[in-house]
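Engineer: Sequence plus the predicted model coming up.
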Amino acid sequence: MKLAASPPNNVSASLEFLLQEIPGLRTKWAGPRRLRVDLPAETLPALLELLKGRAGYVHLSAISCVDWPTQNEFELVYHLWSYELNVLVMAHIRIPRDPGVYLSVYDLYHPAAFFERDIHEMFGLYFEGSPDMGKFILTEWDGPPPMRKEFDSEAWVMNQFEWQDYRPDWLAEIEAKGGGITTRPQDIRKDGKP
Amino acid sequence: MSTLQSIPVVATKAEKPSGGTGNLLANVFDELTAFCRSRSLFMLHYCTGCGAIELPPAMTSRFDMERLGIQPMVTPRQADILLVTGYVSTKTLKRIILTYEQMNSPKYVIGICSCTVNGGMYWQSYATAKVLADYMPVDMYIAGCMPRPEAVISGLRELMANIRAGRSDNWRDYYRRYDHYLGNQQRLFGENWQTPTDVIGEARHYGQFGPETLGEHTALLERHQTPLLPFEMRLGLGGEKTGVENKGDKR
């Protein structure tokens, strides 16, 4: 099925009319078929229920997380797709970084368990009611959540790993002719260790 | 392990060069073995990263590795070469070590791509191991991002020449300096780390036991090691079999 560039007027108007039921909600069309929704965190379950029950939003395609360390907040973005309206809804909420706890939407969308477990592992954000908050991809990891902005991956690597010298013969030949490596690893690395 | 030790074994001693004195045929058998070994290499390609994409052309009709006597093999127990193609994440490294320890000696490890040398473009990543040679002895690095099939084949030919000349015996190093390798593994995986392979027992079995085989890290291993038990074998017919299943259900 080929979609028109933008949804018919009655679709976008009825969607916006439907969303008015949620208090404190702001909408903004980010593209012809992409509707950005900003709303208070406590109203998100109501929004999802509304979209799923009355607008055919059966597909939660992703939950993404953004860390805002200066504002001390996490931003969660719920990407929802309706196969009937063919409009993407991106619901943005902000939650405080401390204590970093939010509600699971597993009861509404089962795939949320996958995304929530991933976000818990990468950002340390806990989802109450999610079926499993155990280790997921980083099974060998016991450090801080690595996708938080304050985690310095490079410093951690410098502390954890060692490097080997790599001086092949062909490089010596090139250097004898006046060539060689222009940027050495220690020029890039912060602490200047070779 | 006691069962391994109970098998009578004559360990091959390191051969002395005949030095032109006496028997011309002294090393003929070793020479023949080395020649045959170098001409029949079975390769287990552990495709961890992007370098694996250069292997299909190297193996198939375009560059045809098989004309050199190198074939892909599907299981570690029947392979000679372990090809690690690309970045090695911490999680993958565990599996690589398990695979390496399952292979029969003599075994050779080739690290393909810059990532196995020093982390490559993933040097900043918290999740990748940087130097493959810290965790297992590497016989040959084929650097590049990624090396072309010509480079892969050139590296394999060099390995063949090394095997032919008897220079490539890094697999002994894993037994002789097991403590060193185990120490690096423990640093990454924690002190509970253990594999089902009894490397120390194998080192004794192959006559490769050295002063650096045991050390503080193997002592740590022994403290945490759960004993390796043989698989429980059950034979049952008809009714007996269902009895076993019921027993399992109760648990």
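Structural biologist: Nice, thanks for sending it over. Numbering: from 1, shown residues only, chains lettered A, B, ... in the order given.

Engineer: From now on I want contacts and neighbour counts done on CA atoms only, so please keep to that.
Structural biologist: Fine.

Engineer: Count the neighbours of residue 92 for me.
Structural biologist: I'll assume chain A. Other residues lying near A:His92 total 21 when counted by other CA atoms under 10 Å in any protein chain shown.

Engineer: think we crossed wires, I meant chain B
Structural biologist: Neighbours of B:Thr92 using other CA under 10 Å come to 16.

Engineer: And the strands in chain B, which stretches?
Structural biologist: B:41-46, B:70-72, B:81-85, B:88-89, B:108-112, B:128-129, B:140-142 (DSSP state E).

Engineer: Now do the contacts for the residue nearest to B:Gly144 when sequence neighbours are not counted.
Structural biologist: Leaving aside its chain neighbours, B:Gly144 sits nearest to B:Cys113 (4.9 Å; criterion: CA to CA, 6 or more residues apart in numbering or on different chains). Taking CA atoms under 8 Å, 6 or more residues apart in numbering or on different chains, we find B:Cys113 in contact with B:51, B:85-87, B:120, B:141-147.

Engineer: Looking at neighbours, which among these is most surrounded?
Structural biologist: Within those, neighbour counts (other CA under 10 Å) peak at B:Tyr87, which reaches 31 neighbours.

Engineer: what are the ranges of the strands in chain A?
Structural biologist: Using DSSP E, strands in chain A cover A:26-31, A:34-38, A:59-68, A:73-81, A:88-96, A:101-103, A:126-128.

Engineer: any chance of those in TSV, plus mean pLDDT and distance to chain B?
Structural biologist: Formatted as TSV, the strands of chain A follow (pLDDT from 0 to 100; distance: least, CA to the nearest CA, whole Å):
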stretch	mean pLDDT	distance to chain B
strand A:26-31	91	33
strand A:34-38	94	33
strand A:59-68	95	18
strand A:73-81	95	22
strand A:88-96	95	26
strand A:101-103	94	25
strand A:126-128	94	22
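
Engineer: wait, which of the ones you listed is closest to A:Val157?
Structural biologist: strand A:59-68 (21.5 Å; CA to CA).

Engineer: That closest one: which residues count as buried?
Structural biologist: Within strand A:59-68, the residues that qualify as buried are A:59-60, A:62-63, A:65-67, counting by 16 or more other CA atoms under 10 Å in any protein chain shown.

Engineer: Quick one: list the elements packing against it.
Structural biologist: If you count contacts as 3 or more CA pairs under 8 Å, 6 or more residues apart in numbering or on different chains; DSSP states H and E, strand A:59-68 packs onto strand A:73-81, helix A:112-123.

Engineer: now with 6 Å?
Structural biologist: Contacts defined by 3 or more CA pairs under 6 Å, 6 or more residues apart in numbering or on different chains; DSSP states H and E place strand A:59-68 against strand A:73-81.

Engineer: what's the angle from the strand it packs on to strand A:88-96?
Structural biologist: Following axes from the mean of the first three to the mean of the last three CA atoms, to 10 degrees, one obtains 160 degrees for the angle between strand A:73-81 and strand A:88-96.

Engineer: For burial, what's the neighbour tally of the residue of the stretch 151-251 of chain B found nearest chain A?
Structural biologist: Per CA to the nearest CA, B:Phe189 is where the stretch 151-251 of chain B lies closest to chain A, at 6.7 Å. By other CA under 10 Å, 17 other residues sit near B:Phe189.

Engineer: What about the closest residue to it other than its chain neighbours, how many residues nearby?
Structural biologist: Spatial nearest neighbour of B:Phe189, excluding adjacent residues (CA to CA, 6+ apart): A:Glu140 at 6.7 Å. Residues within reach of A:Glu140, counting by other CA under 10 Å, total 15.

Engineer: buried stuff in the longest helix belonging to chain B?
Structural biologist: Scanning chain B for the helix with the most residues, using DSSP state H, yields helix B:149-165. Using 16+ other CA under 10 Å as the test for burial, helix B:149-165 gives B:149, B:151-153, B:155-157, B:159-164.

Engineer: can you pull the pLDDT of the residue nearest to B:Val152 when sequence neighbours are not counted?
Structural biologist: Excluding the flanking residues, the one nearest B:Val152 by CA to CA, 6+ apart is B:Ile142, at 6.7 Å. As predicted, B:Ile142 sits at a pLDDT of 90.
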